[in-house]
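Novice: next one to model:
(2 chains)
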Amino acid sequence: MFEKGWTSRAFPWASIESIDWWDGKEVELRGWLANRRSSGKIVFLIIRDGTGFIQATVALNETFSREDLKFLERLPFESALLVRGRVKREPRAPFCGYELEVQGVRVLSIPQEEYPIQKKEHSVEFLMEHRHLWLRSRKQNAILRVRNAVIMGIHEFLQKEGFILIDPPILTPAACEGTTTLFELDYFDLGKAYLSQSGQLYMEAACMAFGRVYCLAPAFRAEKSKTRRHLTEFWMVEPEAAFFTFEDNVKLQEQLVSFIVQKVLAECSRELEVLERDIKPLERVVPPFPRISYSEAIEILQRKGFSIQWGDDLGGDEETAISEEFDRPVFIHHYPKAIKAFYMQPDPENPDLVLNDDLIAPEGYGEIIGGSERIYDLDLLEERLREHNLPREAFEWYLDLRRFGTCPHSGFGLGIERTVAWICGAHHIRETIPFPRQIYRIYP
RNA sequence: UCCUCGGUAGCUCAAUGGUAGAGCGUCCGGCUGUUAACCGGAUGGUUGCAGGUUCGAGUCCUGCCCGGGGAGCCA
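Specialist: This next block holds a predicted model:
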């Protein structure tokens, strides 16, 4: 294995993201060869270490011979390297304004085949087939770092608001909403089980034990959806709070979303720059968000020429048209009871409506939140189960929640991937999750 | 499930029914500041699969497989 100019002295292991801190000092970088260029007597190695990219320069000198440079300029992409050198401020250097003057290189591994992903455009199919390698590229790294900040922001905000993390089951005995969109599997001698499509019902149980709870878990939907907003496996945060009214619930949603966006702006400026995200629309994301009722939404859509009638559900195009009317996320509330889930509390002023809200992200990213106040009256909930032809036995435990100390409570679900896609300005939701699961893709 | 577009070299794409090509990558050589470096040379094919029409099919027809975009549904 190639080793040149290495000494047994220990050098500090520096990360590229904080390389400015090491200006003028000798450090060791541990990473991979992302690109290289040569010019006869100088070789430029582009090193990535997971935290960033930096240019390292190897010059012909007493340490590196002509043959050494020849070797380095032929080193295959994605070779694993330890590189020692001096950090130097350098305006000509790409990425971060610093470069590493290399004094020693140790090559830990050399790919025996050509690295498939090149510095050029690739088809979606090819990139998805190589998702395990695509993760190494700069934009994918940036998107998943934003995802990390979003998830950490959710925990930070909800914990601060007194919410307790409660993990829901993934294997469940019955549907939470419709039964047509469930992944089904055999469960020993107990018949069929299903992958969870929401943790909500379990959060309702938990909020009666802890007051304020939330889960952050995967949800599975066997919908045969093939759009840029759909995955069969996605992540959702679902807060649920006892004694929260519709109004409390909506306020919590706009505070949470604002907090997340402002956190990303504060902590991920490099990532947003790599993604070429225009941050002006994000800077406007502060409370209060505009609110319109479902009926007002229908009026707006009819004025804009949509052939939609009161009672119809809103599709993707309709959501986009509504969001265009506002400069920040917009709530649409009080939908007709008939097109919403069985557990939503009726509006006391109009029993044909429910106390629910959807939050529509700006710039055409669609619905990112669905929330509601929940039915807490036993008789009414039983009636709704019958209307929706749901198997009562499977919901006995859920009905128990209305038999013992029932009270008003509310909650919502926020889709992690749609939120990340919106904040990043990503073309497609599949880039916002490390290994997307889609109707025609389960590999890698 | 439906609508729509596509599948040709490792990758991205050309090719009127008539000898399958280019750029990039890779390999070899050159270059002391490159920025997806550049310059010269070399390398590269069961045209997704099966059948059919035709003197002749990457091209036309039928079926199948795989994928992209969208709809419905949803976060």
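Novice: how about the helices in chain A?
Specialist: A:66-73, A:124-129, A:131-134, A:138-160, A:200-210, A:246-267, A:269-274, A:280-283, A:294-303, A:316-323, A:378-387, A:396-403, A:416-424 (DSSP state H).
Novice: off-centre distance for the first one?
Specialist: Distance of helix A:66-73 from the chain centroid (C-alpha atoms, centre = their mean, to the nearest Å) equals 42 Å.
Novice: buried residues in that helix?
Specialist: For helix A:66-73, the neighbour count (16 or more other C-beta atoms under 10 Å) marks A:68-69, A:71-73 as buried. Every C-beta, even on glycine, is put in place using the N, C-alpha and C of the backbone.
Novice: most tightly surrounded among the helices of chain A?
Specialist: Using mean count of other C-beta atoms under 10 Å, the stretch among these with the largest mean neighbour count is helix A:416-424, at a mean of 26.
Novice: run a quick neighbour tally on residue A:390.
Specialist: By other C-beta atoms under 10 Å, the residues close to residue A:390 number 19.
Novice: now it: how far from RNA strand B?
Specialist: 14 Å (C-beta to the nearest atom of the strand, to the nearest Å).
Novice: now pLDDT and distance to RNA strand B too, for the buried residues of helix A:66-73, in JSON lines please.
Specialist: Below are the buried residues of helix A:66-73 laid out as JSON lines (pLDDT from 0 to 100; distance: C-beta to the nearest atom of the strand, whole Å):
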{"residue": "A:68", "pLDDT": "90", "distance to RNA strand B": "14"}
{"residue": "A:69", "pLDDT": "91", "distance to RNA strand B": "9"}
{"residue": "A:71", "pLDDT": "91", "distance to RNA strand B": "10"}
{"residue": "A:72", "pLDDT": "92", "distance to RNA strand B": "11"}
{"residue": "A:73", "pLDDT": "90", "distance to RNA strand B": "6"}
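Novice: and these, which two are furthest apart?
Specialist: Farthest pair in the buried residues of helix A:66-73 (C-beta to C-beta) is A:68 and A:73. Separation: 9.7 Å.
Novice: related to what we said a few turns ago, out of the helices of chain A, flag the one nearest residue A:231.
Specialist: helix A:416-424 (6.3 Å).
Novice: list the contacts of the closest one.
Specialist: Residues from elsewhere that reach helix A:416-424, judged by C-beta atoms under 8 Å, 6 or more residues apart in numbering: A:142-143, A:146-147, A:150-151, A:216, A:229, A:231, A:234-237, A:257, A:260-261, A:264, A:271-272, A:275, A:277, A:282, A:361-363, A:365-368, A:426, A:428-429, A:431-433.
Novice: neighbours around the closest residue to RNA strand B within the stretch 151-300 of chain A, how many?
Specialist: Closest contact between the stretch 151-300 of chain A and RNA strand B, by C-beta to the nearest atom of the strand, is at residue A:225 (3.1 Å). When counting by other C-beta under 10 Å, one arrives at 13 neighbours for residue A:225.
Novice: which residue packs closest to residue A:82, ignoring adjacent ones?
Specialist: residue A:106 (4.3 Å; C-beta to C-beta, 6 or more residues apart in numbering).
Novice: residue A:193 too?
Specialist: That would be residue A:187: by C-beta to C-beta, 6+ apart, it lies 3.7 Å from residue A:193.
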